[in-house]
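In: What follows is a predicted protein model with its sequence.
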Amino acid sequence: MSDTLKTYDPGEKGRELIALLFPLSHDERENKLVEYQQQYTQEIPALLDGFHFLVQEVMEGRQAGMSNDVINLPDKLLGVIIGQMIKDKNFFSYNSIEEFFHILNKTSPSIFKDSEKIERALLRETRPASEKKSTSDLPEEYTEDIDGKLKTTCLAAQKAYGELSRIQRSLINSQNIIDSYKNGKSNISIIEVKLAKETFLDTKQVFLTNGKVIADGMAFIYEIYQFYPDQLLVKKAYLKYLAKLLGSREARYPPENYVLNLAKGDFDFSLPDFEPTDRQLQHGKTKYSLKKEYGQVLLKDIRRLESRYRKRKLTALLKTENAKAKIINELQEILKLDPGDIKTHIFIAKLMSDYSNSFNSHVKKGIFKEQALKHCQAAFSKIDDYLDLQEIKEVKERDIARASFVKTISAIRIPLLKKG
(Lines give C-alpha, C1' and ligand atoms only; values in the text may rest on other atoms or scores of the structure.)
Protein backbone atom coordinates (compact mmCIF):
# COMPACT_ATOMS: atom_id res chain seq x y z
CA MET A 1 0.00 0.00 0.00
CA SER A 2 1.29 3.50 -0.82
CA ASP A 3 0.14 7.09 -0.85
CA THR A 4 -0.13 9.26 -3.94
CA LEU A 5 2.56 11.93 -4.03
CA LYS A 6 1.56 15.58 -4.07
CA THR A 7 1.59 17.43 -7.39
CA TYR A 8 5.06 18.71 -8.26
CA ASP A 9 6.22 20.67 -11.34
CA PRO A 10 9.80 20.02 -12.49
CA GLY A 11 12.00 22.74 -13.98
CA GLU A 12 13.00 23.06 -17.62
CA LYS A 13 16.21 21.03 -17.28
CA GLY A 14 14.33 18.53 -15.16
CA ARG A 15 11.76 18.03 -17.94
CA GLU A 16 14.59 17.33 -20.38
CA LEU A 17 16.03 14.69 -18.04
CA ILE A 18 12.59 13.12 -17.48
CA ALA A 19 12.12 12.91 -21.25
CA LEU A 20 15.34 10.86 -21.39
CA LEU A 21 14.24 8.64 -18.52
CA PHE A 22 10.66 8.01 -19.68
CA PRO A 23 11.21 5.27 -22.31
CA LEU A 24 13.79 3.39 -20.22
CA SER A 25 13.34 0.43 -17.88
CA HIS A 26 13.63 1.01 -14.13
CA ASP A 27 17.23 -0.23 -13.91
CA GLU A 28 18.20 1.86 -16.94
CA ARG A 29 16.64 4.93 -15.32
CA GLU A 30 18.76 4.44 -12.21
CA ASN A 31 21.91 4.06 -14.32
CA LYS A 32 21.01 7.17 -16.27
CA LEU A 33 20.65 9.20 -13.04
CA VAL A 34 24.12 8.05 -11.95
CA GLU A 35 25.57 9.00 -15.35
CA TYR A 36 23.77 12.36 -15.32
CA GLN A 37 25.16 13.30 -11.93
CA GLN A 38 28.69 12.40 -13.06
CA GLN A 39 28.45 14.28 -16.39
CA TYR A 40 26.44 17.35 -15.35
CA THR A 41 27.71 18.21 -11.88
CA GLN A 42 26.16 21.70 -12.07
CA GLU A 43 22.67 20.43 -12.88
CA ILE A 44 21.82 18.90 -9.50
CA PRO A 45 18.39 20.66 -9.31
CA ALA A 46 17.46 18.81 -12.50
CA LEU A 47 18.72 15.60 -10.90
CA LEU A 48 16.18 16.14 -8.11
CA ASP A 49 13.41 16.30 -10.71
CA GLY A 50 14.66 13.03 -12.18
CA PHE A 51 14.73 11.43 -8.73
CA HIS A 52 11.15 12.55 -8.08
CA PHE A 53 10.07 11.07 -11.41
CA LEU A 54 11.76 7.75 -10.53
CA VAL A 55 10.03 7.64 -7.13
CA GLN A 56 6.67 8.57 -8.62
CA GLU A 57 6.90 5.89 -11.29
CA VAL A 58 7.76 3.19 -8.75
CA MET A 59 4.89 4.20 -6.45
CA GLU A 60 2.38 4.38 -9.31
CA GLY A 61 3.54 0.99 -10.54
CA ARG A 62 2.93 -0.42 -7.07
CA GLN A 63 -0.55 1.10 -6.86
CA ALA A 64 -1.49 -0.30 -10.25
CA GLY A 65 -0.11 -3.71 -9.32
CA MET A 66 2.03 -3.65 -12.44
CA SER A 67 5.53 -3.84 -10.93
CA ASN A 68 7.58 -4.53 -7.81
CA ASP A 69 10.53 -2.33 -8.75
CA VAL A 70 12.70 -1.11 -5.88
CA ILE A 71 15.01 1.90 -5.79
CA ASN A 72 18.67 0.98 -5.34
CA LEU A 73 20.64 4.17 -5.99
CA PRO A 74 24.24 4.39 -4.68
CA ASP A 75 24.82 5.95 -1.25
CA LYS A 76 26.87 8.76 -2.76
CA LEU A 77 24.11 9.74 -5.20
CA LEU A 78 21.45 9.65 -2.47
CA GLY A 79 23.67 11.93 -0.39
CA VAL A 80 23.94 14.39 -3.28
CA ILE A 81 20.17 14.36 -3.84
CA ILE A 82 19.25 14.77 -0.16
CA GLY A 83 21.92 17.42 0.33
CA GLN A 84 20.56 19.44 -2.61
CA MET A 85 16.97 19.05 -1.37
CA ILE A 86 18.04 20.62 1.91
CA LYS A 87 20.12 23.32 0.23
CA ASP A 88 17.32 24.34 -2.17
CA LYS A 89 14.54 23.65 0.34
CA ASN A 90 12.96 21.62 -2.42
CA PHE A 91 10.80 19.01 -0.72
CA PHE A 92 8.60 18.23 -3.73
CA SER A 93 5.56 20.19 -2.47
CA TYR A 94 5.92 18.87 1.10
CA ASN A 95 6.76 20.98 4.14
CA SER A 96 9.99 19.22 5.03
CA ILE A 97 12.37 16.55 3.84
CA GLU A 98 11.25 14.37 6.77
CA GLU A 99 7.62 14.62 5.67
CA PHE A 100 8.49 13.64 2.10
CA PHE A 101 10.49 10.58 3.10
CA HIS A 102 7.88 9.68 5.70
CA ILE A 103 5.38 9.25 2.83
CA LEU A 104 7.87 7.09 0.93
CA ASN A 105 8.63 4.96 3.99
CA LYS A 106 4.93 4.19 4.49
CA THR A 107 4.91 2.00 1.38
CA SER A 108 4.72 -1.73 2.00
CA PRO A 109 6.79 -3.46 0.86
CA SER A 110 9.42 -0.72 0.87
CA ILE A 111 10.17 1.04 -2.42
CA PHE A 112 13.84 1.05 -1.40
CA LYS A 113 15.98 -2.06 -1.63
CA ASP A 114 17.89 -0.86 1.43
CA SER A 115 15.86 1.61 3.50
CA GLU A 116 18.86 2.06 5.81
CA LYS A 117 20.58 3.92 2.98
CA ILE A 118 17.97 6.64 3.31
CA GLU A 119 18.35 6.75 7.09
CA ARG A 120 22.14 7.04 6.78
CA ALA A 121 21.95 9.72 4.11
CA LEU A 122 19.39 11.76 6.06
CA LEU A 123 21.45 11.49 9.23
CA ARG A 124 24.62 12.49 7.37
CA GLU A 125 23.16 15.41 5.43
CA THR A 126 21.16 16.88 8.31
CA ARG A 127 24.12 16.99 10.68
CA PRO A 128 25.53 20.41 11.57
CA ALA A 129 27.98 21.81 9.02
CA SER A 130 30.75 21.67 11.64
CA GLU A 131 30.41 17.89 11.74
CA LYS A 132 30.37 17.33 8.00
CA LYS A 133 33.38 16.59 5.88
CA SER A 134 33.74 15.82 2.19
CA THR A 135 34.41 12.19 1.39
CA SER A 136 35.97 13.06 -1.96
CA ASP A 137 39.50 12.42 -0.66
CA LEU A 138 38.78 8.96 0.72
CA PRO A 139 39.99 5.98 -1.33
CA GLU A 140 37.43 3.41 -2.42
CA GLU A 141 39.21 0.68 -0.46
CA TYR A 142 39.90 0.84 3.27
CA THR A 143 43.68 1.34 3.57
CA GLU A 144 46.35 1.13 6.29
CA ASP A 145 46.58 4.93 6.29
CA ILE A 146 42.85 5.25 7.01
CA ASP A 147 43.14 2.55 9.66
CA GLY A 148 46.05 4.41 11.27
CA LYS A 149 44.13 7.67 11.38
CA LEU A 150 41.12 5.87 12.83
CA LYS A 151 43.21 4.48 15.69
CA THR A 152 44.98 7.80 16.34
CA THR A 153 41.65 9.66 16.47
CA CYS A 154 40.10 7.05 18.77
CA LEU A 155 43.07 7.04 21.15
CA ALA A 156 42.95 10.85 21.41
CA ALA A 157 39.26 10.60 22.29
CA GLN A 158 40.01 7.82 24.77
CA LYS A 159 42.52 10.03 26.60
CA ALA A 160 40.13 13.01 26.56
CA TYR A 161 37.26 10.91 27.87
CA GLY A 162 39.44 9.69 30.71
CA GLU A 163 40.04 13.31 31.74
CA LEU A 164 36.32 14.02 31.52
CA SER A 165 35.41 11.02 33.62
CA ARG A 166 37.90 12.09 36.28
CA ILE A 167 36.21 15.48 36.88
CA GLN A 168 32.63 14.81 35.77
CA ARG A 169 31.23 13.92 39.19
CA SER A 170 32.88 16.98 40.74
CA LEU A 171 31.36 19.18 38.02
CA ILE A 172 27.85 17.78 38.54
CA ASN A 173 28.08 18.05 42.35
CA SER A 174 29.23 21.67 42.26
CA GLN A 175 26.45 22.52 39.79
CA ASN A 176 23.89 20.90 42.09
CA ILE A 177 25.10 22.95 45.08
CA ILE A 178 24.85 26.18 43.07
CA ASP A 179 21.36 25.28 41.81
CA SER A 180 20.17 24.33 45.31
CA TYR A 181 21.41 27.64 46.72
CA LYS A 182 19.63 29.56 43.95
CA ASN A 183 16.44 27.65 44.77
CA GLY A 184 16.59 28.85 48.39
CA LYS A 185 17.99 25.81 50.19
CA SER A 186 18.86 27.38 53.59
CA ASN A 187 21.21 24.59 54.77
CA ILE A 188 23.87 25.56 52.20
CA SER A 189 26.46 28.07 53.45
CA ILE A 190 28.06 30.92 51.50
CA ILE A 191 31.45 29.21 51.83
CA GLU A 192 30.07 26.02 50.28
CA VAL A 193 28.63 28.02 47.39
CA LYS A 194 31.90 29.88 46.85
CA LEU A 195 33.90 26.64 46.79
CA ALA A 196 31.33 25.11 44.45
CA LYS A 197 31.64 28.04 42.03
CA GLU A 198 35.43 27.80 42.01
CA THR A 199 35.28 24.05 41.45
CA PHE A 200 32.69 24.48 38.73
CA LEU A 201 34.77 27.04 36.80
CA ASP A 202 37.94 24.93 37.02
CA THR A 203 36.32 21.66 36.05
CA LYS A 204 34.08 23.23 33.40
CA GLN A 205 37.12 24.40 31.42
CA VAL A 206 38.69 20.92 31.58
CA PHE A 207 35.36 19.46 30.53
CA LEU A 208 34.97 21.78 27.54
CA THR A 209 38.56 21.37 26.37
CA ASN A 210 38.45 17.57 26.36
CA GLY A 211 34.89 17.50 25.07
CA LYS A 212 36.06 19.48 22.05
CA VAL A 213 38.76 16.90 21.31
CA ILE A 214 36.11 14.18 21.15
CA ALA A 215 33.65 16.30 19.14
CA ASP A 216 36.32 17.35 16.61
CA GLY A 217 37.32 13.74 15.94
CA MET A 218 33.74 12.61 15.44
CA ALA A 219 33.55 14.12 11.94
CA PHE A 220 36.24 11.76 10.62
CA ILE A 221 34.94 8.71 12.50
CA TYR A 222 31.42 9.25 11.21
CA GLU A 223 32.70 9.89 7.70
CA ILE A 224 34.54 6.59 7.42
CA TYR A 225 31.66 4.77 9.12
CA GLN A 226 29.45 5.97 6.27
CA PHE A 227 32.04 5.43 3.56
CA TYR A 228 33.09 1.91 4.55
CA PRO A 229 29.81 0.29 5.76
CA ASP A 230 31.18 -3.26 5.47
CA GLN A 231 34.19 -2.66 7.73
CA LEU A 232 33.23 -4.21 11.05
CA LEU A 233 36.23 -2.70 12.81
CA VAL A 234 35.09 0.78 11.77
CA LYS A 235 31.54 0.02 12.91
CA LYS A 236 32.84 -1.21 16.27
CA ALA A 237 35.03 1.88 16.73
CA TYR A 238 32.16 4.19 15.72
CA LEU A 239 29.89 2.64 18.36
CA LYS A 240 32.46 3.17 21.13
CA TYR A 241 33.27 6.67 19.87
CA LEU A 242 29.61 7.68 19.71
CA ALA A 243 29.11 6.45 23.29
CA LYS A 244 32.08 8.52 24.47
CA LEU A 245 30.76 11.54 22.57
CA LEU A 246 27.35 11.27 24.24
CA GLY A 247 28.98 10.71 27.62
CA SER A 248 31.11 13.81 27.11
CA ARG A 249 28.09 16.00 26.31
CA GLU A 250 26.44 15.56 29.71
CA ALA A 251 27.92 18.24 31.95
CA ARG A 252 24.78 18.98 33.98
CA TYR A 253 23.20 15.59 34.59
CA PRO A 254 24.73 12.11 34.88
CA PRO A 255 24.54 10.16 31.58
CA GLU A 256 22.33 7.08 31.57
CA ASN A 257 24.00 3.84 32.59
CA TYR A 258 23.50 2.31 29.14
CA VAL A 259 25.60 5.03 27.50
CA LEU A 260 28.25 4.94 30.22
CA ASN A 261 28.57 1.16 29.99
CA LEU A 262 29.22 1.39 26.25
CA ALA A 263 31.57 4.35 26.67
CA LYS A 264 33.76 3.00 29.45
CA GLY A 265 37.00 1.23 28.77
CA ASP A 266 39.52 1.44 25.97
CA PHE A 267 38.94 1.06 22.25
CA ASP A 268 39.44 -2.54 21.14
CA PHE A 269 40.81 -2.74 17.61
CA SER A 270 40.30 -6.46 17.23
CA LEU A 271 37.46 -8.64 15.95
CA PRO A 272 36.23 -12.09 16.99
CA ASP A 273 37.25 -15.20 15.11
CA PHE A 274 34.34 -15.80 12.75
CA GLU A 275 35.38 -19.34 11.79
CA PRO A 276 32.32 -21.46 12.71
CA THR A 277 32.71 -24.32 15.16
CA ASP A 278 31.52 -27.81 14.28
CA ARG A 279 28.37 -27.20 16.31
CA GLN A 280 27.71 -23.92 14.51
CA LEU A 281 28.26 -25.63 11.16
CA GLN A 282 25.63 -28.20 12.12
CA HIS A 283 23.18 -25.35 12.70
CA GLY A 284 23.91 -23.88 9.27
CA LYS A 285 26.21 -21.10 10.45
CA THR A 286 28.90 -19.84 8.10
CA LYS A 287 31.72 -17.33 8.40
CA TYR A 288 29.58 -14.88 6.44
CA SER A 289 26.48 -15.39 8.59
CA LEU A 290 28.48 -14.99 11.82
CA LYS A 291 29.97 -11.74 10.56
CA LYS A 292 26.52 -10.53 9.60
CA GLU A 293 25.10 -11.39 13.04
CA TYR A 294 27.97 -9.57 14.74
CA GLY A 295 27.38 -6.51 12.56
CA GLN A 296 23.67 -6.55 13.41
CA VAL A 297 24.44 -6.56 17.14
CA LEU A 298 26.70 -3.52 16.68
CA LEU A 299 24.12 -1.81 14.51
CA LYS A 300 21.39 -2.20 17.12
CA ASP A 301 23.44 -0.31 19.70
CA ILE A 302 24.52 2.25 17.09
CA ARG A 303 20.89 3.02 16.26
CA ARG A 304 20.08 3.46 19.93
CA LEU A 305 22.94 5.89 20.39
CA GLU A 306 22.19 7.78 17.17
CA SER A 307 18.59 8.23 18.29
CA ARG A 308 19.86 9.73 21.55
CA TYR A 309 22.21 12.02 19.65
CA ARG A 310 19.40 13.28 17.43
CA LYS A 311 17.10 13.86 20.41
CA ARG A 312 19.76 16.02 22.06
CA LYS A 313 19.65 18.38 19.07
CA LEU A 314 15.87 18.62 19.27
CA THR A 315 15.86 19.97 22.81
CA ALA A 316 17.20 23.28 21.53
CA LEU A 317 14.11 23.62 19.34
CA LEU A 318 11.75 23.39 22.31
CA LYS A 319 12.30 27.08 23.01
CA THR A 320 11.32 27.97 19.45
CA GLU A 321 7.71 28.94 18.83
CA ASN A 322 5.66 26.71 16.52
CA ALA A 323 8.38 24.04 16.56
CA LYS A 324 6.30 21.27 18.14
CA ALA A 325 5.07 19.83 14.82
CA LYS A 326 8.61 19.65 13.46
CA ILE A 327 9.91 18.02 16.63
CA ILE A 328 7.06 15.48 16.66
CA ASN A 329 7.81 14.50 13.04
CA GLU A 330 11.51 14.13 13.81
CA LEU A 331 10.78 12.05 16.91
CA GLN A 332 8.60 9.72 14.83
CA GLU A 333 11.59 9.15 12.57
CA ILE A 334 13.88 8.64 15.56
CA LEU A 335 11.45 6.06 16.92
CA LYS A 336 12.07 3.99 13.79
CA LEU A 337 15.76 3.82 14.76
CA ASP A 338 15.00 2.76 18.32
CA PRO A 339 11.34 1.74 18.78
CA GLY A 340 11.99 0.50 22.30
CA ASP A 341 13.18 3.78 23.82
CA ILE A 342 10.68 4.70 26.53
CA LYS A 343 11.96 8.28 26.70
CA THR A 344 11.13 8.90 23.04
CA HIS A 345 7.56 7.68 23.60
CA ILE A 346 7.23 9.97 26.62
CA PHE A 347 8.71 12.90 24.69
CA ILE A 348 6.23 12.44 21.82
CA ALA A 349 3.25 11.92 24.17
CA LYS A 350 4.02 15.15 26.04
CA LEU A 351 4.44 17.17 22.86
CA MET A 352 1.27 15.75 21.29
CA SER A 353 -0.68 16.49 24.45
CA ASP A 354 0.56 20.10 24.48
CA TYR A 355 0.15 20.51 20.73
CA SER A 356 -3.48 19.33 20.79
CA ASN A 357 -4.38 22.41 22.85
CA SER A 358 -3.50 24.66 19.90
CA PHE A 359 -6.33 23.27 17.74
CA ASN A 360 -9.88 24.55 17.65
CA SER A 361 -11.00 21.50 15.72
CA HIS A 362 -12.33 18.72 17.97
CA VAL A 363 -11.36 16.20 15.30
CA LYS A 364 -7.70 17.25 15.34
CA LYS A 365 -7.70 17.41 19.13
CA GLY A 366 -9.09 13.88 19.22
CA ILE A 367 -6.46 12.55 16.80
CA PHE A 368 -3.57 13.98 18.79
CA LYS A 369 -5.08 12.85 22.08
CA GLU A 370 -5.47 9.30 20.77
CA GLN A 371 -1.88 9.23 19.50
CA ALA A 372 -0.54 10.66 22.77
CA LEU A 373 -2.38 7.98 24.75
CA LYS A 374 -0.93 5.27 22.50
CA HIS A 375 2.58 6.53 23.20
CA CYS A 376 1.79 6.62 26.92
CA GLN A 377 0.67 3.00 26.75
CA ALA A 378 3.80 2.06 24.79
CA ALA A 379 5.94 3.82 27.42
CA PHE A 380 4.23 1.89 30.24
CA SER A 381 4.96 -1.39 28.47
CA LYS A 382 8.66 -0.61 28.03
CA ILE A 383 9.60 0.40 31.57
CA ASP A 384 11.17 -2.93 32.52
CA ASP A 385 12.94 -3.20 29.16
CA TYR A 386 14.51 0.20 29.80
CA LEU A 387 15.59 -0.78 33.33
CA ASP A 388 17.14 -3.97 31.93
CA LEU A 389 19.00 -1.92 29.32
CA GLN A 390 20.42 0.27 32.11
CA GLU A 391 21.42 -2.93 33.95
CA ILE A 392 19.49 -1.84 37.05
CA LYS A 393 19.18 -5.12 38.94
CA GLU A 394 18.64 -4.20 42.59
CA VAL A 395 14.95 -4.51 43.46
CA LYS A 396 14.75 -1.29 45.46
CA GLU A 397 16.51 0.73 42.78
CA ARG A 398 14.26 -0.73 40.08
CA ASP A 399 11.15 0.08 42.12
CA ILE A 400 12.23 3.70 42.56
CA ALA A 401 13.02 4.10 38.86
CA ARG A 402 9.76 2.37 37.85
CA ALA A 403 7.72 4.61 40.15
CA SER A 404 9.38 7.69 38.65
CA PHE A 405 8.43 6.60 35.11
CA VAL A 406 4.85 5.78 36.17
CA LYS A 407 4.53 9.22 37.75
CA THR A 408 5.89 10.96 34.63
CA ILE A 409 3.67 9.02 32.21
CA SER A 410 0.59 9.39 34.40
CA ALA A 411 1.11 13.17 34.53
CA ILE A 412 0.62 13.15 30.75
CA ARG A 413 -2.03 10.44 30.51
CA ILE A 414 -4.50 11.42 33.25
CA PRO A 415 -5.21 14.99 31.98
CA LEU A 416 -5.81 13.52 28.50
CA LEU A 417 -8.36 11.07 29.88
CA LYS A 418 -10.09 13.84 31.83
CA LYS A 419 -10.55 15.86 28.64
CA GLY A 420 -13.04 13.22 27.52
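Out: Yes, it's here.
In: Let me see the backbone angles for residue 112.
Out: With angles defined as degrees, to the nearest 10, residue 112 sits at phi -110, psi 140.
In: Bridged to it, which residues?
Out: Going by DSSP bridges, residue 112 is paired in beta bridges with residue 71.
In: Residue 118 is in contact with that one, correct?
Out: Yes. Here residue 112 reaches residue 118: they are 6.0 Å apart, a contact under Cβ atoms under 8 Å. In short, each C-beta sits where N, CA and C put it, glycine included.
In: Now do the shared contacts for the two.
Out: residue 104 (Cβ atoms under 8 Å, 6 or more residues apart in numbering).
In: which secondary structure elements does the host helix or strand of residue 176 contact?
Out: Residue 176 is part of helix 144-182 when elements are defined by DSSP states H and E. Packing partners of helix 144-182 (3 or more Cβ pairs under 8 Å, 6 or more residues apart in numbering; DSSP states H and E): helix 190-227, helix 232-249.
In: which of these sits most buried?
Out: helix 232-249 (a mean of 22; mean count of other Cβ atoms under 10 Å).
In: tell me the average confidence for that helix?
Out: Mean per-residue pLDDT for helix 232-249: 93.
In: With stretch 97-111 instead?
Out: Here the average pLDDT along stretch 97-111 is 77.
In: Could you do stretch 147-157 as well?
Out: Mean predicted confidence for stretch 147-157 is 96.
In: Please enumerate residues in contact with it?
Out: Looking at what lies outside stretch 147-157 - Cβ under 8 Å, 6+ apart - the contacts are 213-214, 217, 220-221, 224, 233-234, 237, 240-241, 244-245, 267, 269.
In: any idea which helix or strand of this structure has the worst average confidence?
Out: helix 115-125 (a mean of 66; mean pLDDT, DSSP states H and E).
In: you'd agree residue 59 is up against residue 107?
Out: Yes. With contact defined as Cβ under 8 Å, residue 59 and residue 107 form a contacting pair (6.6 Å).
In: residue ranges with poor pLDDT in the stretch 301-420 of the chain?
Out: 316, 319-322, 419-420 (pLDDT under 70).
In: how about the helices of it, start to end?
Out: In the stretch 301-420 of the chain, the segments counted as helices under DSSP state H, counting those that start in this stretch are 324-337, 342-356, 362-381, 383-389, 395-418.
In: right, so of the ones you listed, which gets closest to residue 21?
Out: Nearest to residue 21 among those is helix 324-337 (28.8 Å), distances taken as Cβ to Cβ.
In: what's the closest one in contact with?
Out: Residues contacting helix 324-337 (Cβ under 8 Å, 6+ apart): 96, 98-99, 102, 105, 119, 122, 303-304, 306-307, 310-311, 314, 317-318, 341, 344-345, 347-348, 351-352, 354-355, 358.
In: Can you select the buried ones among the residues you listed for me in PyMOL?
Out: A single PyMOL command selects the buried members of the contacts of helix 324-337 (16 or more other Cβ atoms under 10 Å):
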select buried, resi 96+98+99+102+105+119+122+303+304+306+307+310+311+314+341+344+345+347+348+351+352+355
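In: quick one: what helix or strand has residue 84 in it?
Out: Residue-wise, residue 84 maps onto helix 75-88 under DSSP H and E.
In: and that helix, what other elements does it pack with?
Out: helix 26-39, helix 44-63, helix 97-105, helix 115-125.
In: buried stuff in that helix?
Out: 75, 77-85.
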